[in-house]
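# no FASTA, just this:
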């Protein structure tokens, strides 16, 4: 099976998140437009890092984080979130590389399905994922934010 630490252009590597990456990662998410005001990125990072079923992969070129993917699994399916590439490095293969690293991470855990959510109005992202072999499953995703009882 391929190595999780992959070489990327410029030269760089894809690796799992480390202590001290958080601020640069959040800045990347904002620059790439994948963060939303209702999601607390620090909370999401801490949750992924605290789970044995999730991680955050980052592509680093020199001292700069240039791409990311939060990846997790529920024992049957894998999910990718916060897939981001720095705007000035989009269309260079980094998106493909970070998604391949996410797939490898899941395969090492015996997970062979990877799902992700794309906003309906983001045709560019849909086209990107279709070029990678993903397809619309024609399912509806329902969500409820549950709050602990006070």
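Ah, there it is. Please read all numbers here as calculations on a predicted model, not as lab measurements.

# how far out from the middle of the chain is stretch 120-132?
Chain-centre distance of stretch 120-132: 15 Å, with CA atoms, centre = their mean, to the nearest Å.

# sorry, wrong one. I was asking about stretch 21-31.
Worked out by CA atoms, centre = their mean, stretch 21-31 lies 13 Å from the chain centre.

# do the same with stretch 61-74
Chain-centre distance of stretch 61-74: 6 Å, with CA atoms, centre = their mean.

# list the buried ones in that stretch?
Under the neighbour-count criterion of 16 or more other CB atoms under 10 Å, stretch 61-74 has 61, 65, 66, 67, 68, 69, 70, 71, 72, 73 buried. (C-beta placed from N, C-alpha, C; glycine too.)

# now stretch 26-46
The neighbour-count check on stretch 26-46 (16+ other CB under 10 Å) flags 26, 28, 29, 32, 34, 35, 41, 44, 45 as buried.

# mind giving me CSV with the buried residues of stretch 61-74 and columns for secondary structure and pLDDT?
Shown next, in CSV, are the buried residues of stretch 61-74 (DSSP: H, G, I helix; E, B strand; the rest coil; pLDDT from 0 to 100):
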residue, secondary structure, pLDDT
61, strand, 92
65, strand, 96
66, strand, 97
67, strand, 97
68, strand, 97
69, strand, 98
70, strand, 98
71, strand, 98
72, strand, 97
73, strand, 97
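
# isn't there a helix covering residue 80?
No - according to DSSP: H, G, I helix; E, B strand; the rest coil, residue 80 belongs to no helix; its state is strand.
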